[in-house]
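A.B. asks: Sequence first, predicted model second:
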Amino acid sequence: ADSVHWQKVNHHAPRSFVALMHHNRQRLLDVYRRYRLDGDEFGVLAAMTLGYRDELSEAVKSSYRNSGAMHVLAVSGLHVGIIFLILQLLLYPLRYVRHGRWLLYVVQMAGLWAYAVLVGMPASALRAALMLTLWATARVIGRESHPINNIAAAAFLLLLFRPLMLFDVGFQLSFAAASSIVLFYPLLSRPLRAVWQPARWVLGLVIVSVAAQLGVMPLTTYYFHQASVYFAVSSLIVIPLAHVLLFGALLLFVTSGVPAVATCVARVMNGVLNGMNSCIAAIDHWPHAVVPVWVDGWQVALMLAFCAALAWAVMERDYRRYLLPALLLVALSIGTAVTAVQKTHYRRVVAYADRQTDVVQLASGPYQLVMTNDTIAASDVIHNASLHYGLAAPVFAPMDTLQLHVTQFEGASYVLLSGLQLSRRVLATPVAVDYLIVGRVGRARPKDIMQSFQPGHVILLSSLARWKADSLRTMCERGHIMCHDTRVQGAYVQEEKQRQ
């Protein structure tokens, strides 16, 4: 055999700037841990300040997502803007030195892009960094810049170097939110000019959240199938606290060599984080905090077209321009109503290709009957399909892992084998059944299964042992019985339009 040659790599070999920033991020995370910022507080702080999301618990992600505050856990324009503001405040004395304006610009841009690399260069951070760079460049050379032009230029430059970023959800949400804020905030904030200053600041945060939601709502409902009702309330909490936490994180890093000061800063930050997490968790438990929604691609296209037409009408300041968004809104409403009615006229049988849970969904119109060995897990499996077809809450068919049940549905019979119904035995009289669905069957042998039934169709679920599935498929081929293996062919779907 060929000998293996090992070569020792120099430990002090030069590293790229990206690798260096990644190493520095790990060192900053260690500062958090050293001063006992741990648990959910550490997870939220690390995600918010350094883009490190590996230690966010599912409970925290769920509560922030449902309350509409998930954007604060992804480094975006808010975070990059705060860093830009911090740099501007710290470097303000440079304005008073010779060529200070250019020196301030260079140092600010270097710090801004170093932070973008530090947090992992997500699309939202790159978009914000590019927009701020274009704005600052125009300002330092004495030129005017329009936010819409900056957004378009940032999108062009990002896609020029990374075209596939167009299909990144973060990229789409970031640019949709930024565009929507730029277009709609001036209109929505006009009534605030006569409002008392503190109230104007609070209402301004609400309006920013509403303006952003106008742009991202079509995409969030399409990708995540839900809408957060109390997003404005959660934004009133997380946006001011994000400023506090980013300033606090910077202060903690600077004072980390002075344990007495750093410990005090860490304790304050821990209290702020704990309070913020508690508030978001409380909002998550408010009535109807999340509304399940399903939208199709054509609906998203119409909603985005409506937002673009509305923005155009707002910029033109001509009331005749509002006719187009009104027509688009009517078309969306009529199309959605017609689609909802059409979906109730279908009969569907779906055997899911889930390796953990055996799930068979039988739907007729808005009603559904579910055969499963785990009702809790099955509810998650069928969730999206139930939303898509507007189905009512599922009714679970009688299921016993020890006894055999035959389910009748729309004139056909179904048997789901999932458990010990045929534990090394053969039924005395073969059971004639239209659909025999075989899942995790314990010690039952393929030969015993086929001798116990006279099936018209056999469906093999992904939880079935591989060798049993192969054996059953071979027996079906010999007996000229239609067989569908979900592990190989994917979910079994039978759909037909019902007669009116």
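C.D. replies: Alright, I've got the coordinates.
A.B. asks: any weak-confidence spans in the stretch 251-400 of the chain?
C.D. replies: 400 (pLDDT under 70).
A.B. asks: Run a quick neighbour tally on the residue lying closest to T133 once chain neighbours are set aside.
C.D. replies: By the measure of CB to CB, 6 or more residues apart in numbering, the closest residue to T133 outside its immediate chain neighbours is M109, 5.9 Å from it. (Glycine included, C-beta is placed from N, CA and C.) Other residues near M109 number 18, with proximity taken as other CB atoms under 10 Å.
A.B. asks: Now the phi/psi pair for M109, please.
C.D. replies: Geometry field for M109 lists phi and psi as phi -70, psi -40, criterion degrees, to the nearest 10.
A.B. asks: distance of it from Q88?
C.D. replies: The span separating M109 from Q88 equals 12 Å under the rule CB to CB, to the nearest Å.
A.B. asks: what do you get for L464?
C.D. replies: In this structure, L464 and Q88 are 63 Å apart, going by CB to CB.
A.B. asks: before we move on, what about A289?
C.D. replies: Counting by CB to CB, the separation of A289 from Q88 is 37 Å.
A.B. asks: And for E477?
C.D. replies: As judged by CB to CB, E477 and Q88 stand 73 Å apart.
A.B. asks: Have a look at those two and say which one is more surrounded.
C.D. replies: Here E477 and Q88 are compared on neighbour count by other CB under 10 Å; more neighbours surround Q88, at 13 against 10.
A.B. asks: just how off-centre is stretch 306-320 within its chain?
C.D. replies: Here the centre of stretch 306-320 is set off from its chain's centre by 30 Å, with CA atoms, centre = their mean, to the nearest Å.
A.B. asks: buried stuff in that stretch?
C.D. replies: By neighbour count with 16 or more other CB atoms under 10 Å, stretch 306-320 contains the buried residues 306-311, 313-314.
A.B. asks: Equivalent analysis for stretch 431-441, please.
C.D. replies: Within stretch 431-441, the residues that qualify as buried are 433, 435-441, counting by 16+ other CB under 10 Å.
A.B. asks: Among those residues, which ones are in strands?
C.D. replies: By the criterion of DSSP state E, membership of these in strands covers 433, 435-438.
A.B. asks: longest helix anywhere in this protein?
C.D. replies: For the chain, the helix reaching the highest residue count under DSSP state H is reported as helix 197-224.
A.B. asks: Just list what that helix packs against, helices and strands only.
C.D. replies: For helix 197-224, the contact count by 3 or more CB pairs under 8 Å, 6 or more residues apart in numbering; DSSP states H and E identifies helix 169-188, strand 226-228, helix 231-254, helix 297-316 as packing neighbours.
A.B. asks: if we go to 7 Å?
C.D. replies: Using 3 or more CB pairs under 7 Å, 6 or more residues apart in numbering; DSSP states H and E as the contact criterion, the neighbours of helix 197-224 among helices and strands are helix 169-188, helix 231-254, helix 297-316.
A.B. asks: Distance to L56 for those helices - can I get that in JSON lines?
C.D. replies: Conversion of those to JSON lines gives the following (distance: least, CB to CB, whole Å):
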{"stretch": "helix 169-188", "distance to L56": "16"}
{"stretch": "helix 231-254", "distance to L56": "14"}
{"stretch": "helix 297-316", "distance to L56": "28"}
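A.B. asks: now for those, which one comes closest to V208?
C.D. replies: helix 169-188 (6.1 Å; CB to CB).
A.B. asks: in the protein, which spans are strands?
C.D. replies: For the chain, the strands defined by DSSP E occupy 226-228, 290-292, 346-351, 359-364, 367-372, 395-396, 407-409, 412-417, 431-438, 453-460, 482-485, 492-497.
A.B. asks: M48 is nearest to which of these?
C.D. replies: Taking CB to CB as the measure, these were each checked against M48, and strand 226-228 came out nearest at 18.3 Å.
A.B. asks: Who does the closest one pair with, and is each partner parallel or antiparallel?
C.D. replies: Looking at strand 226-228 with DSSP bridges, its partner strands are strand 290-292 (antiparallel).
A.B. asks: what does the strand it pairs with contact?
C.D. replies: Contacts made with strand 290-292 from outside it, assessed by CB atoms under 7 Å, 6 or more residues apart in numbering, are listed as 66, 225-229, 387.
A.B. asks: switch to 10 Å and redo it
C.D. replies: Counting contacts by CB atoms under 10 Å, 6 or more residues apart in numbering, the residues outside strand 290-292 that touch it are 62, 65-68, 221, 224-230, 284, 383-384, 386-387.
A.B. asks: Need phi/psi at the residue located most distally from the centre of the chain.
C.D. replies: The C-alpha centroid of the chain is most remote from A428, which lies 51.8 Å away (CA atoms, centre = their mean). A428 adopts backbone torsions of phi -60, psi -40, taken as degrees, to the nearest 10.
A.B. asks: Roughly how far does it sit from L404?
C.D. replies: Applying CB to CB, one obtains 12 Å for the distance of A428 from L404.
A.B. asks: same deal with M109?
C.D. replies: Note on M109: its distance to L404, by CB to CB, is 71 Å.
A.B. asks: Show me the shaky parts of the stretch 1-150 of the chain.
C.D. replies: Checking the stretch 1-150 of the chain against pLDDT under 70 turns up 1-5, 7-15.
A.B. asks: repeat for the stretch 401-500 of the chain
C.D. replies: Counting by pLDDT under 70, the stretch 401-500 of the chain has low-confidence residues at 401-402, 420-426, 498-500.
A.B. asks: leaving aside the residues next to it on the chain, what's closest to F184?
C.D. replies: A211 (4.1 Å).
A.B. asks: Pretty sure that neighbour sits against S180.
C.D. replies: Yes: in this structure, A211 is within contact of S180 by CB atoms under 10 Å, at 5.5 Å.
A.B. asks: on that earlier part again, list the contacts of the residue nearest to F184.
C.D. replies: A211 is in contact with 177, 179-189, counting by CB under 10 Å, 6+ apart.
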